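> Requesting a structural model of the entry that follows:
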Amino acid sequence: MDPFDRVAFLGLARRARRDPYRLSLFAKLLAPDERPFALLPVVGGDLLVTDRRLLELRPHLDVHGAWNVKEFLGYEVRREFLRGDVKGMTRVTKPVEGRTLEDTLVLHLPDRETRIVVSRGPTLVLSDDDVRILREAFLPHQAK
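Residues are numbered from 1 along each chain as shown. Now for the predicted structure:
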């Protein structure tokens, strides 16, 4: 069984093709018995929510040669949060730079808050349903 069969694809991923190669690269970052719940494209990468962790992933590019040719090598974990450490999540939307809107998730951790920018553009890409699904994925007691 494909570990991504039951994953909720959120935000821009709702309409994206389910690229088996891309998903296999995400799967390499999971423990053998770890289950992914939700995948959300964010600015500069992706947020993968599993039964254990929230992983902020970034493309791993290798720059080489005189022309600075970039080769895509897969994904790497930029930041990682254990689900049990996330005590809350809020969504902040605000205008920035004229007509641009910024959509941000704020994760409330025991000793700090951290922000993950979901999108910057003329429209918001994260729906209220997406926010509810994210809350249910890693904060079942907060789902509203």
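
> Neighbours of residue 54, how many?
Close neighbours of residue 54, defined as other C-beta atoms under 10 Å, add up to 26. C-betas here are computed from N, CA, C, even on glycine.

> Quick check: it touching residue 48?
Yes. With contact defined as C-beta atoms under 8 Å, residue 54 reaches residue 48; the gap is 7.5 Å.

> Next up, the contacts around residue 42.
11, 56, 116-119 (C-beta atoms under 8 Å, 6 or more residues apart in numbering).

> Can you select the buried ones among these for me in PyMOL?
Restricted to buried positions by 16 or more other C-beta atoms under 10 Å, the PyMOL selection for the contacts of residue 42 reads:
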select buried, resi 11+56+116+118+119
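
> Closest to residue 29 out of the contacts of residue 42?
Taking C-beta to C-beta as the measure, residue 29 sits nearest to residue 56 out of the contacts of residue 42, at 11.2 Å.

> picking that back up, which of the contacts of residue 42 fall in strands?
If you go by DSSP state E, the contacts of residue 42 have 56, 116-119 in strands.

> and residue 48, what element?
Element membership of residue 48, judged by DSSP states H and E, is strand 45-50.

> who are the neighbours of that strand, in terms of helices and strands?
With contacts taken as 3 or more C-beta pairs under 8 Å, 6 or more residues apart in numbering; DSSP states H and E, strand 45-50 sits against strand 36-42, strand 53-64, strand 69-82, helix 128-138.

> Starting from the longest one, tell me the next helix or strand along the chain.
Going back to what we said before, that points to strand 69-82. strand 88-96.

> buried residues in that next one?
Result for strand 88-96 [16+ other C-beta under 10 Å]: buried residues 89, 91.

> Contacts for it next, please.
101-108, 115, 120, 124, 126, 131, 134-135, 138-139, 142.

> returning to what we had before: right, so the helices and strands packed on strand 45-50: which one is the most enclosed?
strand 36-42 (a mean of 22; mean count of other C-beta atoms under 10 Å).

> Give me the sheet partners of it and which way each runs.
Using DSSP bridges, the strands paired with strand 36-42 in its sheet are strand 8-9 (parallel), strand 45-50 (antiparallel).

> which of these is buried the deepest?
Counting by mean count of other C-beta under 10 Å, the most buried of these turns out to be strand 45-50, with a mean of 21.
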